[in-house]
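>>> Here is my input; please provide its structure:
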Amino acid sequence: MQFIQLDEGLVIIDEAFQKAKKIVEGYPETKFTTEEYMKFHACVYTLCYKPGDGNKAVLHEKFRRSLEETINSTVLPSLAAKENELLLRELVLMWSNYKLMARWLCRFFEYLDRYYSSFCCGVSLGETSIDCFRNLVFNVLLSRIQAAALSLICEERHGKQIDTKMLQDVMSIFMEIGKNISTPYYENFVQAMLDESAAFYSQLSSQWVVHDSLTDYIQKVNWCMMQEKERAGHYLDPTSVIKLIQVLRCQLLDMKALKLVEKLQSQNSSQLDYQEILSKCAGLDLGEESSTSTLGDHLSALMAKSAHIH
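Next comes the predicted model:
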């Protein structure tokens with residue numbers, strides 16, 4: 001084995017970082033040749049082979065600092081001036097390129113990762129790369145990212161065509177960034193989305209229940225639930241979709257039960273009319289995890305209960 005000095009090895013490592021950085025700078029097609037891979041991998045291995053952890057600690061710090069430098073010089077400036085959909089689109093691109101860069105570097109530092117980083121530091125180099133992005137990018141821009149995603153969902157709710165694939169990618173970033181830590185980024189976002197949805201449909205239902213007939217009201221509830229279920233299914237996980245439908249059920253039906261009973265009575269609807277209303281929404285799944293409850297089932301039980309109380 002040909003030993004090299006630390007300073008000499010760090011120069012070689014710098015070469016690897018500079019080329020890997022080009023991926024984040026907009027050249028994701030950057031490839032390392034077999035010769036380059038062997039050169040960088042052998043350099044790290046040789047430096048780590050020296051007895052003691054001195055070189056290993058230096059290399060570990062070099063790895064982290066190089067990632068931080070790339071983030072500060074390239075990632076953050078690319079995101080700083082962008083808002084709304086442009087911010088989300090750039091975030092998805094930067095995260096994808098950053099992960100690709102980190103995977104290449106982790107391959108070069110495989111020996112360090114196996115015998116020092118995971119063992120002595122408690123975290124792998126892959127986890128370190130995510131930590132750097134989380135601390136320097138995601139946590140700094142979190143409020144803007146969340147606001148931009150909520151804004152897109154609101155726009156789609158009002159009939160605008162949005163890039164649902166991009167929104168799905170943003171949700172995946174929330175999940176990846178929050179993996180193995182105590183901060184539930186995705187769950188927090190979903191809760192914010194549910195709160196906004198509750199406020200939106202509470203206001204909407206208050207208008208409908210005054211101006212619409214019972215039949216028209218139920219048809220609108222049916223339509224909203226089907227639309228929300230279809231839209232949310234493109235970017236939320238199934239459990240979150242269920243929670244969203246339950247929010248709609250609460251705001252559009254549970255919270256308006258007495259008003260709906262009053263409307264039924266004021267319109268002198270016959271039992272036949274009522275059954276016709278139920279049949280129009282009998283096929284819509286309400287998202288119950290442990291039952292086959294439909295809108296018709298829920299409305300029938302709810303109206304019966306509310307009529308008794310009333």
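
>>> Could you double-check that residue 85 lies in contact with residue 153?
No: look at residue 85 against residue 153 with Cβ atoms under 8 Å: they stay out of range, at 11.7 Å. (Glycine included, C-beta is placed from N, CA and C.)

>>> so where's the stretch 151-300 of the chain uncertain?
Within the stretch 151-300 of the chain, the stretches falling below the threshold (pLDDT under 70) are 267-300.

>>> Tell me where it has helices.
Under the criterion DSSP state H, counting those that start in this stretch, the stretch 151-300 of the chain carries helices at the ranges 164-177, 185-211, 214-232, 238-252, 257-266, 271-280, 295-309.

>>> How is the chain divided into domains?
What the record gives for the chain is the domain set 6-183, 191-309, from automatic domain parsing.

>>> need the ones you listed in TSV with mean neighbour count, can you?
As requested, those are exported to TSV (neighbours: other Cβ atoms under 10 Å):
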stretch	mean neighbour count
domain 6-183	17
domain 191-309	16
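
>>> sorry, back to before: with respect to residue 34, which of the helices of the stretch 151-300 of the chain lies nearest?
helix 164-177 (29.8 Å; Cβ to Cβ).

>>> How far off centre is the closest one?
Distance, stretch centre to chain centre, for helix 164-177: 4 Å (Cα atoms, centre = their mean, to the nearest Å).

>>> contacting residues around it?
Outside helix 164-177, the residues that touch it by Cβ atoms under 8 Å, 6 or more residues apart in numbering are 85, 88-89, 91-92, 95, 130, 133-134, 138, 145, 149, 152-153, 156, 185-186, 189, 231, 234-237.

>>> for residue 20, what are its contacts?
30, 101, 104-105.

>>> Let's see that with 6 Å instead.
Contacts here follow Cβ atoms under 6 Å, 6 or more residues apart in numbering; on that basis residue 20 touches 101, 104-105.

>>> one step back: dump the helices of the stretch 151-300 of the chain into JSON lines; add distance to residue 15 as well.
As requested, the helices of the stretch 151-300 of the chain are arranged in JSON lines below (distance: least, Cβ to Cβ, whole Å):
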{"stretch": "helix 164-177", "distance to residue 15": "29"}
{"stretch": "helix 185-211", "distance to residue 15": "35"}
{"stretch": "helix 214-232", "distance to residue 15": "47"}
{"stretch": "helix 238-252", "distance to residue 15": "45"}
{"stretch": "helix 257-266", "distance to residue 15": "70"}
{"stretch": "helix 271-280", "distance to residue 15": "69"}
{"stretch": "helix 295-309", "distance to residue 15": "63"}
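
>>> Any idea which of those helices gets closest to residue 8?
Closest to residue 8 of these, according to Cβ to Cβ: helix 164-177, at 36.4 Å.

>>> what's the angle between that closest one and helix 185-211?
Comparing the axes of helix 164-177 and helix 185-211 via axes from the mean of the first three to the mean of the last three Cα atoms, to 10 degrees yields an angle of 130 degrees.

>>> Dump helix 164-177 to PDB, restricted to CA.
Coordinates of the C-alpha atoms in helix 164-177 are reproduced here as PDB (Å, rounded to 0.1, in the frame of the first residue of the first chain):
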ATOM      1  CA  THR A 164     -49.700  17.400  -8.700                       C
ATOM      2  CA  LYS A 165     -46.500  15.300  -9.400                       C
ATOM      3  CA  MET A 166     -44.400  18.200  -8.100                       C
ATOM      4  CA  LEU A 167     -46.600  18.500  -5.000                       C
ATOM      5  CA  GLN A 168     -46.200  14.800  -4.500                       C
ATOM      6  CA  ASP A 169     -42.400  15.200  -4.700                       C
ATOM      7  CA  VAL A 170     -42.600  18.000  -2.100                       C
ATOM      8  CA  MET A 171     -44.600  15.700   0.300                       C
ATOM      9  CA  SER A 172     -41.900  13.000  -0.200                       C
ATOM     10  CA  ILE A 173     -39.300  15.600   0.800                       C
ATOM     11  CA  PHE A 174     -41.300  16.300   4.000                       C
ATOM     12  CA  MET A 175     -41.200  12.600   4.700                       C
ATOM     13  CA  GLU A 176     -37.500  12.100   3.900                       C
ATOM     14  CA  ILE A 177     -36.300  15.100   5.800                       C
END
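
>>> Any idea which of the helices of the stretch 151-300 of the chain gets closest to residue 64?
Among those, the nearest to residue 64 by Cβ to Cβ is helix 164-177 (17.2 Å).
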